[in-house]
Structure formats: structure tokens, C-alpha cells
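> Need a 3D model of the following:
(one chain, ligands or ions: 1)
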Amino acid sequence: MTAPSEQGFRSGFACFVGRPNAGKSTLTNALVGTKVAITSSKPQTTRTVVRGIVHRPDAQLVLVDTPGLHRPRTLLGERLNDLVTATWSEVDVVAVCFPADQRIGPGDRHLVTELAKTRKGPRFAVATKTDLVSRERLVEHLGEIAELGRETGTDWAEVVPVSAVSGEQVGLLTDLLVAQLPEGPPLYPDGELTDTPEEAIVADLIREAALEGVRDELPHSIAVVVEEMGLRRDRPEGKPLLDVHANLFVERQSQKGIVIGHQGSRLREVGTTARRSIEAMLGTPVYLDLRVKVAKDWQRDPRQLRRLGF
Ligand SMILES: Nc1nc2c(ncn2[C@@H]2O[C@H](COP(=O)(O)OP(=O)(O)OP(=O)(O)O)[C@@H](O)[C@H]2O)c(=O)[nH]1
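Predicted structure coming up:
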């Protein structure tokens, strides 16, 4: 028998999907209220499944953030797509994000069609970034979303316009997602924001810093592995220091030069940026030891992929 306080409590999983840059990570952060997923102004940088957890007196909503779906050209691409479709079938609700400042395109159509094949359960349409557009454009956008639903045989359980930046309708979206969850006890301890190991979050923060300002195809060629992380011993009382030793892998020697920069200037900047965001995230001063290594063609090599955590 459940305790009276647990009666009516709901818990479960939701997943945001959508084309690259649709605003999924930002929305996850807005719902959870802290930065857990990695956002970037460049597409397809969300690689790890990062969960944010919304704790409420009546519910616990676990948000799963997946990579974007794309045509696989490498083994890594295939693995990522498998991860996406597996997640779709496991969660309680899938919410497709359509950025209001972009027209619905072939990528969206492909995604919703694939989703219709793998999932029969509730699907939401979320019109994201509503702060960027006029009311007229938003109405048009909602019309396109409805049309896409008809075309693909998708019966949207809800269509919700939101802005993760202004916060408009974020609360409503949470309510509607929670309403789709089954009754059940909390899945995670109270106060836990994410179950992603800290190492993975730290690796993502370093990767995010390394991607800043790199304009070419490099995003797909960088992987970060935290080799060792721990509080330094023998520190004075109240002055903790977290040691982080991480390797940044690129695929080719030429890319190493890009990441390191002239006389190491770029790598120093990456290190400083990454260190600051790790400190902000974990609330502890950090010593970051960052090394750049070449793992030749790691995207195509199953052994390397495993070693890099894929
Ligand atoms: N103005 C505005 N910008 C937004 C909003 N949500 C996201 N953005 C911006 O849109 C860009 C992409 O957002 P992300 O959250 O990284 O998008 P994503 O869908 O997770 O992207 P991938 O990781 O590439 O799949 C970032 O520059 C965000 O700051 C919003 O509600 N309003």
C-alpha cells in the first residue's frame, strides 16, 4: 500500500526531439531550472543523453535529451540514431520541438514520420522560441504544425507554444507533460537534478568550450574523456580544489593544431572557459589539466568509440 502522501503522485519520462538547434536543451534547462544539458549555437552538439529532473510536490518528471536524428554516414551516426529511436519507444511522452522562427522543413517531416513508425503513445508538438516571432507568424507556424500532423497521421496530444528564454508557457508545458505520466512513486531522490555522472557533465562542458568559435566540421571530430576527477587532498579547511584531468580527442593531426591554436593560445582560452563553467556547475574551484590527443578516425572505429563512451 502506498503512503497517503504518495497517492496521486505521478512519475515518468519525457523526451524532447527536434531538428538541430530547435531549442531542446534550452527548454530542458528552463523546465529543470538549472543548466544541465549543453546548449550551443551550433547544430548537433548534444551527444550524450542528459536527464534533467523536475521535482514537484505532486510529480517527478525526468527529461531525456537525445542527439538530433540525422542520416548516418559513420558508425557513430548509426549509434546515435539507434539511441534516439530506443529512447522514443521507452519514454511516457515525446515532445517534438519546432522552432517558430523557422519554417517546417523536410527534416521535420522525416523526423515526425519516423516517430510515427516507432511510437504509438502520446506525442506533443512544441512551438519553441516564440519570443522571436510575431503573433501572426506564430499562428501560421501552428497551422503548419497541424498540417504536418495530418500529413504524417500524427494526432498531437497537445500543441504548446513556449519560450524557454522568456519563460512564457514553460509552466503550462510542465503541467501538460506531467499529466501524461503514470501514477507512481518518485524515481530519483528529492533534489537530484540529473543522474548523469558528474564526469560526463564535465566532459560536455569542456567539449562545449572547445567548440566555441570553430567554424568548420570540427564539431563532429571532438570527443572529451575525463580520465580522473577528485578533490585534492591536504587542502586548508574551507578551501577545496577539484582536480580534473581530461583528454580532448581529435581525429587528425591537422585538427590538433586548430584546437591548440597559435602557441597554445586557443587551448588556454578553452581551458579557462571550461574551468569557469565547471566551477559554476559544481560550486568548487577547479584545477583543469587538459590534453589534446589524436585518436585516428575515432568516429569510424568501434573500439575507439567504446573507449570514448559511445
Ligand atoms: N530567443 C530564443 N532563443 C532560444 C530559445 N531556445 C533556444 N534558443 C537558442 O537557440 C539555439 C539552440 O538551442 P539549443 O537548446 O542548443 O537547441 P537544441 O535543439 O538542443 O540543439 P542541438 O543540441 O543541436 O540538437 C541556442 O542559441 C539557444 O540560445 C528561446 O526560447 N528563445
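
> alpha carbons only for contacts and neighbour counts from here, please
Noted.

> which residue ranges form the strands in this structure?
In the chain, the strands defined using DSSP state E lie at 10-18, 50-55, 59-65, 93-99, 123-128, 158-161, 223-231, 242-250, 286-294.

> Now do the third one against strand 10-18, angle only.
Just to be clear, that refers to strand 59-65. 30 degrees (axes from the mean of the first three to the mean of the last three CA atoms, to 10 degrees).

> Run the contact check for strand 59-65 versus the ligand.
No. On the criterion CA under 6 Å from any ligand atom, strand 59-65 is out of touch with the ligand, staying 7.8 Å away.

> Tell me how far that strand lies from the chain's centre.
Relative to the mean C-alpha coordinate of its chain, strand 59-65 is positioned 12 Å out (CA atoms, centre = their mean, to the nearest Å).

> Mind putting the strands of the chain into TSV with mean pLDDT and mean neighbour count?
Formatted as TSV, the strands of the chain follow (pLDDT from 0 to 100; neighbours: other CA atoms under 10 Å):
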stretch	mean pLDDT	mean neighbour count
strand 10-18	90	24
strand 50-55	73	24
strand 59-65	83	25
strand 93-99	96	26
strand 123-128	98	25
strand 158-161	97	19
strand 223-231	84	17
strand 242-250	90	21
strand 286-294	93	18
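
> Number of residues surrounding Pro20?
20 (other CA atoms under 10 Å).

> do the one 10 residues further on as well
Using other CA under 10 Å, Ala30 has 20 neighbouring residues.

> Hmm, it is touching Ser166, no?
No. Counting by CA atoms under 8 Å, Ala30 does not reach Ser166; the two are 9.5 Å apart.

> Including distance to Glu144, could the strands of the chain go into JSON lines?
Compiled in JSON lines, the strands of the chain are given as follows (distance: least, CA to CA, whole Å):
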{"stretch": "strand 10-18", "distance to Glu144": "15"}
{"stretch": "strand 50-55", "distance to Glu144": "30"}
{"stretch": "strand 59-65", "distance to Glu144": "24"}
{"stretch": "strand 93-99", "distance to Glu144": "10"}
{"stretch": "strand 123-128", "distance to Glu144": "11"}
{"stretch": "strand 158-161", "distance to Glu144": "12"}
{"stretch": "strand 223-231", "distance to Glu144": "37"}
{"stretch": "strand 242-250", "distance to Glu144": "40"}
{"stretch": "strand 286-294", "distance to Glu144": "45"}
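
> Return the helix or strand in this structure with minimum mean pLDDT.
helix 302-307 (a mean of 63; mean pLDDT, DSSP states H and E).

> Helices of the stretch 151-300 of the chain, residue ranges please.
Using DSSP state H, counting those that start in this stretch, the helices of the stretch 151-300 of the chain run over 170-179, 198-211, 253-260, 265-282.

> Which of those sits closest to the ligand?
Between the ligand and those, the tightest spacing by CA to the nearest ligand atom is seen for helix 170-179, at 9.7 Å.

> re earlier: just name the most buried of the helices of the stretch 151-300 of the chain.
helix 198-211 (a mean of 22; mean count of other CA atoms under 10 Å).

> what about that one and the ligand, touching?
No. Helix 198-211 is not in contact with the ligand by CA under 6 Å from any ligand atom; minimum separation 10.6 Å.

> out of the strands of the chain, nearest to Glu208?
Comparison of the strands of the chain against Glu208 by CA to CA identifies strand 223-231 as nearest, at 9.7 Å.

> what's the spacing between the closest one and its chain's center?
20 Å.

> same thing with stretch 153-161?
22 Å.

> That one: end-to-end distance?
21 Å (CA to CA, to the nearest Å).

> How about residues contacting it?
112, 116, 122-128, 130, 142, 148-149, 169, 173, 176 (CA atoms under 8 Å, 6 or more residues apart in numbering).

> what subset of those residues is also close to the ligand?
Checking the contacts of stretch 153-161 against the ligand (CA under 6 Å from any ligand atom), the matches are Thr128.

> if we take the contacts of stretch 153-161, which one ends up nearest to Gln60?
Among the contacts of stretch 153-161, and counting by CA to CA, the member closest to Gln60 is Leu176, at 12.9 Å.

> Read off the pLDDT value for the closest one.
On pLDDT, Leu176 comes in at 97.

> which residues touch it?
Leu176 neighbours (CA under 8 Å, 6+ apart): Glu158.

> how close does it get to Thr152?
Taken as CA to CA, the span from Leu176 to Thr152 is 23 Å.

> ok so, going back, comparing the helices of the stretch 151-300 of the chain by mean pLDDT, which bottoms out?
Minimum mean pLDDT among the helices of the stretch 151-300 of the chain: helix 198-211, a mean of 84.
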